[in-house]
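Colleague: sequence-free structure coming up:
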């Protein structure tokens, strides 16, 4: 148990193996401790292998053993569901509320939300009464599915079940409402947390800041970000990114830039989302070129330049970032042609088509933005290309960008 808490899961397994040499027979308690040690550090394969080995050790696993193994499978939802299903077989420990909660949580982290809700619904058939942890996990599944109404229903049922929400339940409902576009409800639940004197955590604060972004309340977003330090909550990258976007949508690009620098000062490295948000904000400011260069140098867009320069892939960029990347690449190519370097006859720009709805919609906007930019510059595209791709003859850049290059396009 101590090894598990100290992050020494391999040592925990070693101690279990050495028990026979010390003439101490392992029992279900020692095995459970070792399984929990593996699970606490995401070693689900080791946890399942140990659970399998209990039969050879003549140890009958109990519900605690199975629950610890399911909990270890947080990042492997198929394994978690398989183990939960095996508990329904005869002569196996019957699942309890924690078994179902752990499996639902695995679906929250890595699996399909439909299965998570199905597990929660099956608890009634198993004569299991949902408690605080299972209801919180179910609300988190609703957040993942965008089903904020169902999340509200689950949260409302807690009163009749005589359950008091804790910080995790409140954080889940704040996030579910924010993810469902219900920023008023999200901020309302966050305020209710404070009135109930439930100390918020980084998840609830980040969700509230994101709700402020959708509400156009950048001042409140900044206040929340600043208050996290007062509450001794260390802002994470999601907190900073939400505040950055909120200030950007409020037209406060200087504040967005200062938030990015504050992230670095707090030893947090800005990620691709940070730079995408900032590029959208500063797209019509002279500093945009420095921001774009910094993002590229920090390798946030590793797929941007492909095919020895013949392909520009902007599907990882935001709308503003895509526009800047295209204009930067075309200006560079036009300068090369003026210098007599004419290496390519055609240039392909990939805007991409994502799998998720949000990525798909961004790809559509990027495709239209790049097309509008090329038409504005007077660069005709070659017809007949598939969706998510623009192809054109590089020679057209001679007339379009024959001068010293152009300033970045405005937001419109």
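Modeller: Noted; the coordinates are in hand. As the structure is a computational prediction, the values presented were derived from the model and not from experiment.
Colleague: list the contacts for the spatially most central residue of the chain?
Modeller: What sits nearest the mean C-alpha location of the chain, by Cα atoms, centre = their mean, is residue 238, with 8.7 Å. Listed by Cβ atoms under 8 Å, 6 or more residues apart in numbering, the contact set of residue 238 reads 202, 206, 210. Backbone N, C-alpha and C define where each C-beta goes, glycine included.
Colleague: and which of those is nearest residue 310?
Modeller: Closest approach between the contacts of residue 238 and residue 310, by Cβ to Cβ: residue 210, at 38.7 Å.
Colleague: list phi and psi for the closest one.
Modeller: phi -60, psi -40 (degrees, to the nearest 10).
Colleague: settle this for me: it is touching residue 244, isn't it.
Modeller: No: with contact defined as Cβ atoms under 8 Å, residue 210 does not reach residue 244; the gap is 11.0 Å.
Colleague: neighbour count for these two, which is higher?
Modeller: Between residue 210 and residue 244, counting by other Cβ atoms under 10 Å, residue 244 is the more crowded of the two (30 against 24).
Colleague: that one contacts residue 261, doesn't it?
Modeller: No: with contact defined as Cβ under 8 Å, residue 244 does not reach residue 261; the gap is 10.5 Å.
Colleague: so which strand or helix has residue 114?
Modeller: helix 113-125 (DSSP states H and E).
Colleague: contacts for that helix, please.
Modeller: 77, 81, 84, 97, 100, 103-104, 107-108, 129-130, 134, 137-138, 141-142, 144-145, 150.
Colleague: what is in contact with residue 210 and residue 244 at once?
Modeller: Common neighbours of residue 210 and residue 244 (Cβ under 8 Å, 6+ apart) do not exist.
Colleague: so who does residue 234 touch?
Modeller: 202, 228, 266.
Colleague: could you report the distance from the first one to residue 268?
Modeller: To residue 268, residue 202 is 12 Å away according to Cβ to Cβ, to the nearest Å.
Colleague: between these two, which contacts overlap?
Modeller: Here residue 202 and residue 268 share the contacting residues 235-236, scored by Cβ under 8 Å, 6+ apart.
Colleague: any idea where the strands of this structure begin and end?
Modeller: 305-306, 311-313, 346-350, 389-393 (DSSP state E).
Colleague: for stretch 176-193, which outside residues touch it?
Modeller: Taking Cβ under 8 Å, 6+ apart as the rule, stretch 176-193 contacts 139-140, 142-144, 146-149, 151-152, 167, 170, 173-175, 200, 204, 207-208, 210-212, 214-215.
Colleague: buried members of those residues into PyMOL, please.
Modeller: Buried subset of those, written as a PyMOL selection, criterion 16 or more other Cβ atoms under 10 Å:
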select buried, resi 139+140+142+143+144+147+148+151+152+170+173+174+175+200+204+207+208+210+211+212+214
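Colleague: what is the burial count for the residue nearest to residue 200 when sequence neighbours are not counted?
Modeller: Residue nearest to residue 200 in three dimensions, not counting chain neighbours: residue 193, with 5.7 Å by Cβ to Cβ, 6 or more residues apart in numbering. Using other Cβ under 10 Å, residue 193 has 22 other residues around it.
Colleague: residue 193 and residue 173, how far apart?
Modeller: 9 Å.
Colleague: cool, and residue 81?
Modeller: With Cβ to Cβ as the criterion, residue 81 and residue 173 are 25 Å apart.
Colleague: same check, this time on residue 195
Modeller: Taking Cβ to Cβ as the measure, residue 195 falls 14 Å from residue 173.
Colleague: before we move on, what about residue 227?
Modeller: Distance from residue 227 to residue 173, by Cβ to Cβ: 20 Å.
Colleague: again, but for residue 206
Modeller: 14 Å.
Colleague: same check, this time on residue 189
Modeller: 5 Å.
Colleague: again, but for residue 298
Modeller: Taking Cβ to Cβ, one finds residue 298 at 36 Å from residue 173.
Colleague: what of residue 116?
Modeller: Separation of residue 116 from residue 173 (Cβ to Cβ): 16 Å.
Colleague: do residue 224 as well
Modeller: Distance, residue 224 to residue 173, using Cβ to Cβ: 17 Å.
Colleague: ok, residue 285 next?
Modeller: Residue 285 is 38 Å from residue 173, by Cβ to Cβ.
Colleague: same thing with residue 349?
Modeller: 42 Å.
Colleague: neighbours around the closest residue to residue 401 other than its chain neighbours, how many?
Modeller: In space, not counting the residues next to it along the chain, residue 401 is nearest to residue 334; the distance is 3.7 Å by Cβ to Cβ, 6+ apart. Residue crowding around residue 334 was assessed by other Cβ under 10 Å; the count is 23.
Colleague: thinking again about what came up before, which ones among the contacts of residue 234 lie within helices?
Modeller: Cross-referencing these against helices under DSSP state H gives 202, 228.
Colleague: filter the contacts of residue 234 down to the buried ones and hand me the ChimeraX line.
Modeller: Of the contacts of residue 234, the buried ones can be selected in ChimeraX as follows, counting by 16+ other Cβ under 10 Å:
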select :202,228
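Colleague: low-confidence ranges in this protein?
Modeller: By pLDDT under 70, the low-scoring segments of the chain are 353-363, 402-412.
Colleague: mind redoing it with 50?
Modeller: For the chain, applying pLDDT under 50 flags the ranges 354-358, 360, 403-409, 411-412.
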